[in-house]
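# my questions concern the predicted model and sequence given below.
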Amino acid sequence: MAARTAPARAPGTGLRVIPGRSRSPARLSIRQLGLLLLAVAMFFALIYSRIFLDSAAFELTRLEGLISEQESRFDELRLEVAQLESPQRIYAEAQAMGMVLPEEGRTVYAPMPVTTDEIGELASIGSTPLLATVGAR
Amino acid sequence: MGRRRWRPQHLRLFFVGAFFLAAWAVIGVKLVFVQGVQAQTLEDQALDQRLRTVTLEADRGTIFDRDGRELALTIEATTIYANPREISDPALTAAALSGLIGRPVGELQADLEKDTSFVYVARKLLREEADAIRELDLDGLHFIAEPKRVYPSGDLAAQVLGFVGTDNGGLEGVEQMYEDVLSGEPGQLVFERSGRGRMIPQGEYEVREAVRGQDLALTIDGELQFFAQQEAMATLEETGAKAVHIVVLDVTTFEVLAMASAPTFDPNNIGSNADLFRNRVVTDTFEPGSTQKLITVAAAIEEGIVAPETMFEVPDSIKVFDREYFDFTEHDTEDMTVADIVARSSNVGTILVWQELGDPLLYRYLQGFGLGTYSGIDFPGEVPGLVRPAEEWCESCGASTSIGYRVSVTPLQMTSVFATVGNDGVWMQPQVVDAVIDEDGTRASLNQPNQRVLSVETAEIMRSLLTGVVETGTGQLAQVPGYSVGGKTGTTEKFEPDLLCPGATVPGCYGDDVVASFIGVGPSEDPRLAIGVFVDSPRAEKKRTGGVAAAPAFSRVMRFALHQLGVPPSAR
């Protein structure tokens, strides 16, 4: 093992220079800075996401309220339609308009041929009896 | 080394140290207890305080008539409650609310002054009504949504539909009978709330949706029901009766197209007369009287014992063991065919037919036509009526039964008898609910038992005999212009269970009141409808028989119904 020479001492002070151990101010490396920024960004992102979710929840509640209101409106319109269709209302309206149920109707019986020959016979003299148009019985 | 001596300051130090040590030990133990042993319990308690569970009421299914008209539906309403502890001036609040909710100021103020944190102010208000109160911005008022059952057509088919209670549970009619189907399944909402009671976003939130009830499609025809109700009311006023019931059955399906009773009620505002709530067409019985002669004669014809032209020598009265029976109108002994007996509604003639038929056969046909048993219609409170077994009959019981006494029937049962004749002799179970409708619109029809009671030939003969009653007999006021219809009149004395007969010691006697009825089918050549009109205790002079009190209403309802169904007039 080779002997090493001791560093020269400054005369009279008792101090000596130790090479390579000079002190310099601590500096963040780019990686550390990046990590720090990332952490900060994540922190804000987390807060933002919570705010976003909360505001979305409030918006959801508001929309649910609106849906409920519209459903309620729909129900009321349904009720209104059903009330308007009610026979009582229509009857009362009709009465107010002066309408009445028809009195005893009169049934008119048309002469009815019983065979196709008779239909043909009537047709030959230019007569088209009512029931000839719907068929012989 | 000498023994260490305790000086006073050391002693104080020791005690102070021991005290702190003990205190820390207690705190430590408590900490372990709270954080360890009680941790779960306390956590649950804390969560319980923050969690709120709300029952989500299921929407009740809608009830439709046969044309899809909504007869009963559920809407969202607003219920208002108050926390009296949050109200600074109850008198002022009561005065502001009174006019809007229709409650007396005094009553409302008394509620608002109660030492409680909850009182109902108004329940199930419509949106506009609730909004008007909301705009007042009064302290201590809270608004919650609640489903409300409404009947948009008022009293239309009220006794068929029934009604629901405050909690939306069915209490009468179809609402009660189909409670399980209509009510659905309630859901549940669990959420975390803040101290102010508001929902905490991102907190606990669990929802189990409510399952809406299924819908019901009734066989009732809304317009025909309305007309039948009008006629029931008109007949009630005209005859001064206690009640009038009208039943309309489709003879090919036994679907109830209308079932009306007068007086009636509005299910939106039921009032306090509970007697009006029940559907008396299926819950009340009466002795059918002459309308039951149809069964006696049909049984005798079906068994080949008599034919329409079979002649009987009919006196004015007949004695059967200890009882004497009379015809309604006095007459000399005369020859009558079976057709005449039916047309003139002869009690004596019918008893003569019964003497040929006998008790066991009469009893068998009464059963075959569904008397004395539940019809099976989907209705709460239906009664079976009463027909005692033939072996329990007394010696004159058969005679009484053959002319419609000693048995009790419901108006629906008796109308079904005539519908059976209209349906070529096949009895079917009457039904008022056509189908249960799923959420996806699938219709599930209900099972409908049936049984043949008469042959097609006998049914045709009976229809011609019934037509004779309307054309030349006691039911001429039942004629329908343009149509041939058949039917039978009935006038029965009412048995009063509490009335004491002269000289009797046991209560139970026939009183002055009668049930006047007319039941018939139309058109006679190809029946589509059976209609029964029952007038309970008519009081008006000369309007106390089935032919006068009930037949005119039958005519009008039959005519309207045939027009409604588009049935062409009968061929001449």
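Received it, and whenever you're ready, just let me know what you need. Residues are numbered from 1 along each chain as shown, chains lettered A, B, ... in the order given.
# from here on, just use CA atoms for contacts and neighbour counts.
OK.
# quick one: what helix or strand has the residue nearest to B:T415 when sequence neighbours are not counted in it?
Spatially, and ignoring its direct neighbours in sequence, B:T415 is nearest to B:G532 (5.4 Å; Cα to Cα, 6 or more residues apart in numbering or on different chains). Here B:G532 is covered by strand B:529-536, with elements defined by DSSP states H and E.
# next SSE downstream of whichever strand or helix holds A:L77?
Assessed by DSSP H and E, A:L77 sits inside helix A:30-85. Going down the chain from helix A:30-85, the next helix or strand is helix A:87-96, by DSSP H and E.
# who are the packing partners of the helix holding A:L77?
If contacts are counted by 3 or more Cα pairs under 8 Å, 6 or more residues apart in numbering or on different chains; DSSP states H and E, helix A:30-85 sits against strand B:70-82.
# tell me which strands the strand it packs on pairs with, and in which orientation.
Using DSSP bridges, the strands paired with strand B:70-82 in its sheet are strand B:63-64 (antiparallel), strand B:119-125 (antiparallel), strand B:141-150 (antiparallel).
# out of the ones you listed, which is the most enclosed?
strand B:63-64 (a mean of 24; mean count of other Cα atoms under 10 Å in any protein chain shown).
# give me the mean pLDDT for that one.
If you average the pLDDT over strand B:63-64, you get 96.
# what bits of chain A have low per-residue confidence?
Within chain A, the ranges that satisfy pLDDT under 70 run A:1-14, A:17-26, A:104-107, A:109-116, A:118-137.
# re the thing from before, now the strands paired with strand B:70-82 in JSON lines, with distance to B:E392?
Shown next, in JSON lines, are the strands paired with strand B:70-82 (distance: least, Cα to Cα, whole Å):
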{"stretch": "strand B:63-64", "distance to B:E392": "44"}
{"stretch": "strand B:119-125", "distance to B:E392": "56"}
{"stretch": "strand B:141-150", "distance to B:E392": "49"}
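# mind checking which of those strands is nearest B:L446?
B:L446 lies closest to strand B:63-64 among the strands paired with strand B:70-82, at 15.7 Å (Cα to Cα).
# what is the neighbour count of the closest residue to B:F379 other than its chain neighbours?
By the measure of Cα to Cα, 6+ apart, the closest residue to B:F379 outside its immediate chain neighbours is B:M177, 5.9 Å from it. By other Cα atoms under 10 Å in any protein chain shown, 18 other residues sit near B:M177.
# thought B:M177 was touching B:I377?
No. Counting by Cα atoms under 8 Å, B:M177 stays clear of B:I377, with 10.4 Å between them.
# quick revisit: quick check: angle from the helix or strand following the strand holding B:G532 to strand B:529-536?
Remark: after strand B:529-536, the chain's next helix or strand is helix B:551-564, criterion DSSP H and E. Relative orientation of helix B:551-564 and strand B:529-536, computed by axes from the mean of the first three to the mean of the last three Cα atoms, to 10 degrees: 150 degrees.
# helix B:551-564 - what's its average pLDDT?
Mean pLDDT, helix B:551-564: 94.
# and that helix, which residues are buried?
B:A551, B:P552, B:A553, B:F554, B:S555, B:R556, B:V557, B:M558, B:R559, B:F560, B:A561, B:L562 (16 or more other Cα atoms under 10 Å in any protein chain shown).
# and what of stretch B:310-320?
Buried, per 16+ other Cα under 10 Å, within stretch B:310-320: B:M311, B:F312, B:V314, B:P315, B:D316, B:S317, B:I318, B:V320.
# secondary structure element for B:V244?
Using DSSP H and E, B:V244 maps to strand B:243-250.
# parallel or antiparallel, list what pairs with that strand.
Under the rule (DSSP bridges), strand B:243-250 has strand B:256-262 (antiparallel), strand B:529-536 (antiparallel) as partners.
# other residues contacting the last one?
Contacts to strand B:529-536, defined as Cα atoms under 8 Å, 6 or more residues apart in numbering or on different chains, come from residues B:235-236, B:241-251, B:411, B:414-416, B:418-419, B:422, B:514-523, B:546, B:549-551, B:553-554, B:558, B:562.
# where does the stretch 351-500 of chain B come near chain A, residue by residue?
Counting by Cα under 8 Å from any Cα of the partner chain, the positions of the stretch 351-500 of chain B adjacent to chain A are B:P481, B:G482.
# rerun that using 6 Å as the cut-off
B:G482 (Cα under 6 Å from any Cα of the partner chain).
# could you pull out the strands for the stretch 351-500 of chain B?
Counting by DSSP state E, counting those that start in this stretch, the stretch 351-500 of chain B has strands at residues B:426-428, B:433-437, B:443-445, B:450-452, B:486-496.
# and the contacts of the helix or strand bottoming out on mean pLDDT in chain B?
In chain B, the helix or strand scored least confidently by mean pLDDT, DSSP states H and E is strand B:443-445, which has a mean of 80. Outside of strand B:443-445, the residues within contact range by Cα atoms under 6 Å, 6 or more residues apart in numbering or on different chains are B:A435, B:V436, B:I437.
# swap in 7 Å and give it another go.
Defining contact as Cα atoms under 7 Å, 6 or more residues apart in numbering or on different chains, one finds that strand B:443-445 is touched by B:D434, B:A435, B:V436, B:I437.
# export those residues to JSON lines and tack on pLDDT and distance to B:D89?
Formatted as JSON lines, the contacts of strand B:443-445 follow (pLDDT from 0 to 100; distance: Cα to Cα, whole Å):
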{"residue": "B:D434", "pLDDT": "91", "distance to B:D89": "55"}
{"residue": "B:A435", "pLDDT": "91", "distance to B:D89": "54"}
{"residue": "B:V436", "pLDDT": "92", "distance to B:D89": "52"}
{"residue": "B:I437", "pLDDT": "91", "distance to B:D89": "51"}
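# for chain A, state which of the residues you listed is nearest.
Proximity of the contacts of strand B:443-445 to chain A was ranked by Cα to the nearest Cα; the top entry is B:I437 with 18.4 Å.
# what bridges to that closest one?
In beta-bridge terms (that is, DSSP bridges), B:I437 pairs with B:D215, B:R443.
# closest to the centroid, which residue in chain B?
Closest residue to the average C-alpha location of chain B: B:G173 at 2.3 Å, with Cα atoms, centre = their mean.
# so B:Q429 is in contact with B:N450, correct?
Yes. Counting by Cα atoms under 7 Å, B:Q429 does reach B:N450; the two are 6.1 Å apart.
# out of those two, which sits in the busier spot?
Each of B:Q429 and B:N450 has its neighbours counted (other Cα under 10 Å); B:Q429 has more, 20 against 12.
# whatever residue of the stretch 401-550 of chain B ends up closest to chain A: how many residues sit nearby?
The stretch 401-550 of chain B approaches chain A most closely through B:G482 (5.7 Å), counting by Cα to the nearest Cα. Neighbourhood size, B:G482 [other Cα under 10 Å]: 19.
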